[in-house]
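>>> just a sequence and a predicted model for now, questions to come.
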Amino acid sequence: MLVITVEPIFALNDGQELVLETWNIVNEGFLNPDKFNEVQWKRLRQKAIEKPITTSDEAYSAIETMLLPLGDPYTRLLRPNDYKALKESNIGSEINGVGLQLGARNEDGEIVVIAPLEGSPSADAEILSGSILLKVAEESPKRLGLEATASKLRGETGSKVSIEIESPDHEIKEIILERRSVDLRPVRTRRLLTGNHTLGYLRITQFSEGVPEQVKEALKELSEKDIEGIVLDLRNNSGGLVSSGLAVADSFLSEKPIVETKNREEIKDPIPSNKETLYDGPLVTLVNGGTASASEILAGALQDNGRSLLLGKRTFGKGLIQTLTNLSDGSGLAVTVASYLTPSGRNIQDLGIEPDRKLDLPEPLNPGGEEDRWLLDAELLMEANLDNQSIEDAQSIKKETNEPEGEEEILGMNSSINKKQESIETNNT
């Protein structure tokens, strides 16, 4: 008599289905598939499904445990409240919290400050870019992970949270921050009256959904004020939506490469700008250690195409791109699917972008404020470039009309330019 043994088939419950859904999304898109063999990816799926999962929290814990061996802090589960908060920040209205933009350091998983949001409790406390977050409400951010740490920092207006940080110069201190509503207002602009020139100042603090249209309106407004050049300020811009960063780059570049993305198959996909620009005049750009991700794409494109000098200090170095997927229960999943390179092929991840001219330290704590020495340096450089262009134009006109060179006038203009350049050098020592 032939006996056939059939293994029992168990139906997956909702929590196990969520685990499987997550595994499939990561399996199909994760940038480094070689990592799958190293961590026994299929075995991790099986272990996660075999766990007794009866609640949402148990499902989330199983997913987080499954993703951890991949070693990528940006491939992560976003629980429903965290996912909602992230989407709201990408719309660009306001948030309730302390105003810290955070990143995870690849080499050791430490949670670091990319930048404090302007006008936030963190900015008021003068928390510096590059600081390591050691504790949040007596818990370890490194153990909590990026999203759970961010969640603990958010809360009702008026409530308080204690944090412990290690500054870039290794000073450790505990700070108590009072949460409040922080107006993101990602695009700010004003006119700068300097000497004989009228300049425009354009600050972009993040690349949220409405930023390209706001930049378009800002550039139109500045053009109507007869500005001769623009200082673009990307300091403490931790990124946001890559699509918004690309759209802003398109505003300044005409038929030039913006960035190359490289997927898991090593296929490079160059992304060019369109022919039409919103502004093609003189431009200088300020960057710092809080300039990250999408803002590094913009800075790298401007630098590589010779469109703008970069002033400041080396940028953060986040050159990975994540997709954001809605999961079936209202949570979200971020997966690193590509890396990006500047138009000249430079890798940004963990390296950042070196500015053309480094500015003196310590850097201003209030970008765009009255005591902003870096902004003054940018203004002086722009003035010198405009004066130099005026000399070249005057010489060209005189050659075309066969007029005398007017050496005394030109020497006087050169003297003015040299003084401005000396002033910049003095500020940088």
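Everything's here; your move.
>>> which residues are in contact with the helix or strand hosting Leu324?
Following DSSP states H and E, one finds Leu324 within strand 320-326. Strand 320-326 has contacts (CB atoms under 8 Å, 6 or more residues apart in numbering) with 25, 29, 31, 72, 74-75, 86, 242, 261, 332-340, 349. (Each C-beta comes from the backbone N, C-alpha and C, glycine too.)
>>> narrow these to those that are buried.
Those of these that meet the buried threshold are 25, 29, 31, 72, 74-75, 86, 242, 261, 332-340, by 16 or more other CB atoms under 10 Å.
>>> so which of those residues belong to strands?
261, 332-340 (DSSP state E).
>>> and which of these is nearest Glu383?
Among those, Tyr340 lies closest to Glu383 (CB to CB), at 33.8 Å.
>>> and that closest one, what does it touch?
242, 259-262, 297, 319-321, 348 are the contacts of Tyr340 under CB under 8 Å, 6+ apart.
>>> assumed Ala378 was part of a helix.
Yes: assessed by DSSP: H, G, I helix; E, B strand; the rest coil, Ala378 belongs to a helix.
>>> burial of Leu18, as a residue count?
23 (other CB atoms under 10 Å).
>>> sorry, wrong one. I was asking about Arg188.
Arg188, neighbours per other CB under 10 Å, totals 16.
>>> enumerate the beta-bridge partners assigned to it.
Per DSSP bridges, the residues bridged to Arg188 are Arg203.
>>> that one contacts Gln206, doesn't it?
No: checked against CB atoms under 8 Å, the pair Arg188 and Gln206 is beyond contact range at 11.6 Å.
>>> quick one: Leu144 and Ala137 touch, right?
No: the pair Leu144 / Ala137 is not scored as a contact, 9.8 Å apart, by CB under 8 Å.
>>> out of these two, which sits in the busier spot?
Taking neighbours as other CB under 10 Å, Leu144 and Ala137 compare with Leu144 leading, 17 against 12.
>>> can you list the domains in this protein?
14-71, 95-183, 187-369, 379-427 (automatic domain parsing).
>>> just the contacts of Tyr340 now: which is nearest Pro367?
Ile297 (19.7 Å).
>>> wait, which of the contacts of Tyr340 is closest to Pro168?
Using CB to CB, the contacts of Tyr340 come closest to Pro168 at Ile348, 20.0 Å.
>>> where along the stretch 151-300 of the chain do the helices fall?
211-224, 242-252, 294-304 (DSSP state H, counting those that start in this stretch).
>>> winner for burial among the domains of the chain?
domain 187-369 (a mean of 20; mean count of other CB atoms under 10 Å).
>>> for that domain, what is the average pLDDT?
For domain 187-369, mean pLDDT rounds to 93.
>>> for the contacts of Tyr340, give me JSON lines that also has distance to Glu50.
Below are these laid out as JSON lines (distance: CB to CB, whole Å):
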{"residue": "Val242", "distance to Glu50": "37"}
{"residue": "Val259", "distance to Glu50": "42"}
{"residue": "Glu260", "distance to Glu50": "42"}
{"residue": "Thr261", "distance to Glu50": "37"}
{"residue": "Lys262", "distance to Glu50": "36"}
{"residue": "Ile297", "distance to Glu50": "42"}
{"residue": "Gly319", "distance to Glu50": "37"}
{"residue": "Leu320", "distance to Glu50": "31"}
{"residue": "Ile321", "distance to Glu50": "33"}
{"residue": "Ile348", "distance to Glu50": "40"}
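>>> rewinding a little: quick one: closest of the helices of the stretch 151-300 of the chain to Gly15.
Closest among these, using CB to CB: helix 242-252, at 32.0 Å.
>>> quick one, the closest one and helix 211-224 angle?
In terms of direction (axes from the mean of the first three to the mean of the last three CA atoms, to 10 degrees), helix 242-252 departs from helix 211-224 by 20 degrees.
>>> ok, and what's touching helix 242-252?
204, 207-209, 211-212, 215-216, 219, 239, 258-259, 271, 273-274, 277-280, 283, 293-295, 297-298, 301-302, 307-308, 321, 340.
>>> next, give phi and psi for Leu311.
phi -120, psi 150 (degrees, to the nearest 10).
>>> surely it touches Thr285?
Yes: shown here, Leu311 and Thr285 form a contact pair, counting by CB under 8 Å, at 7.0 Å.
>>> report the contact partners of Lys152.
136-137, 139, 144, 161.
>>> kindly report the same for Leu199.
191-193, 227-231, 379, 382-383 are the contacts of Leu199 under CB under 8 Å, 6+ apart.
>>> inside strands: which ones of those residues?
191-193, 229-231.
>>> can I get these in CSV including distance to Thr157?
Output for the ones in strands among the contacts of Leu199, formatted as CSV (distance: CB to CB, whole Å):
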residue, distance to Thr157
Arg191, 34
Leu192, 34
Leu193, 38
Gly229, 40
Ile230, 36
Val231, 34
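>>> farthest pair in these?
So, these by CB to CB: farthest apart are Leu193 and Ile230, at 14.1 Å.
>>> how close does Ile95 sit to Pro212?
Distance of Ile95 to Pro212, given as CB to CB, to the nearest Å: 21 Å.
>>> now the residue lying closest to Phe30 once chain neighbours are set aside: how far from Leu327?
Ranked by CB to CB, 6 or more residues apart in numbering and with sequence neighbours excluded, the top spatial neighbour of Phe30 is Val335, at 5.9 Å. Separation of Val335 from Leu327 (CB to CB): 11 Å.
>>> quick check: closest non-adjacent residue to Ala85.
Closest to Ala85 by CB to CB, 6+ apart is Arg154, at 6.2 Å.
>>> surely that neighbour is in contact with Leu102?
No: using CB under 8 Å, Arg154 and Leu102 do not qualify as a contacting pair, with a distance of 11.6 Å.
>>> possible to save the ones in strands among the buried ones among the contacts of strand 320-326 as TSV with distance to Ser120?
As requested, those are exported to TSV (distance: CB to CB, whole Å):
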residue	distance to Ser120
Thr261	32
Gly332	24
Leu333	28
Ala334	23
Val335	29
Thr336	27
Val337	31
Ala338	31
Ser339	30
Tyr340	28
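>>> picking that back up, and which of the contacts of Tyr340 is nearest Arg43?
Out of the contacts of Tyr340, the member with the shortest distance to Arg43 (by CB to CB) is Leu320, at 25.6 Å.
>>> distance check, the closest one against Leu144.
For Leu320 relative to Leu144 (CB to CB), the value is 21 Å.
>>> also Pro257?
For Pro257, the distance to Leu144 - CB to CB - is 39 Å.
>>> quick one, what contacts Met285?
For residue 285 the amino acid is Thr, not Met. So Thr285 contacts 231-234, 299, 302-303, 308-311 (CB under 8 Å, 6+ apart).
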